[in-house]
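Student: What shape does this take:
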Amino acid sequence: MYKYEVIVYWSEEDQAYLAEVPELPGCMADGATYEEAIKNAQVVITEWIETARSLGREVPTPKGRLTYA
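Tutor: Purely as a prediction, here's the structure:
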C-alpha cells in the first residue's frame, strides 16, 4: 500500500464519495461509500504509478500529510 495523502469528500453532483490524491496529478477515484472510495483510490494509485513508470515519467515520493496555506 502506498502512503500518499488521500482526500475524501461527498459530491452531491455525483452522488458519490470522491477520493483525490493531490500528489499524483489527475489521480482520483469514487465510491458509493467512504470505504469503497478509499479502496478504489488504492487501485488507481497503483495504476497511476505503473503508467507513469511505463512512460518513463517521474513518480513523486509520498510526502504524507500536505499543508495548505
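Student: Check which residues of stretch 36-44 are buried.
Tutor: 37, 40-42, 44 (16 or more other Cβ atoms under 10 Å). All C-beta atoms are positioned from the backbone trio N, CA, C, and that covers glycine.
Student: As TSV, these with distance to residue 56 and secondary structure would be great.
Tutor: Formatted as TSV, those follow (distance: Cβ to Cβ, whole Å; DSSP: H, G, I helix; E, B strand; the rest coil):
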residue	distance to residue 56	secondary structure
37	30	helix
40	26	helix
41	24	helix
42	24	helix
44	20	helix
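Student: out of those, which one sits closest to residue 2?
Tutor: residue 42 (7.3 Å; Cβ to Cβ).
Student: what's the burial count for the spatially closest residue to that closest one that is not a sequence neighbour?
Tutor: Closest residue to residue 42 apart from its sequence neighbours, by Cβ to Cβ, 6 or more residues apart in numbering: residue 1 at 6.2 Å. Residue 1 has 6 neighbours, counted by other Cβ atoms under 10 Å.
Student: same thing with the one 5 residues further on?
Tutor: A total of 21 residues lie near residue 6 under the criterion other Cβ under 10 Å.
Student: next one: residue 48
Tutor: So residue 48, with other Cβ under 10 Å, has 20 neighbours.
Student: got it, and residue 3?
Tutor: For residue 3, using other Cβ under 10 Å, the count is 10.
Student: That one against residue 62, yeah?
Tutor: Yes. Look at residue 3 against residue 62 with Cβ atoms under 8 Å: they come within range, at 4.4 Å.
Student: What does the pLDDT read for the residue most central in space within the chain?
Tutor: The centroid of the chain falls nearest to residue 21 when counting by Cα atoms, centre = their mean (3.2 Å). pLDDT for residue 21: 96.
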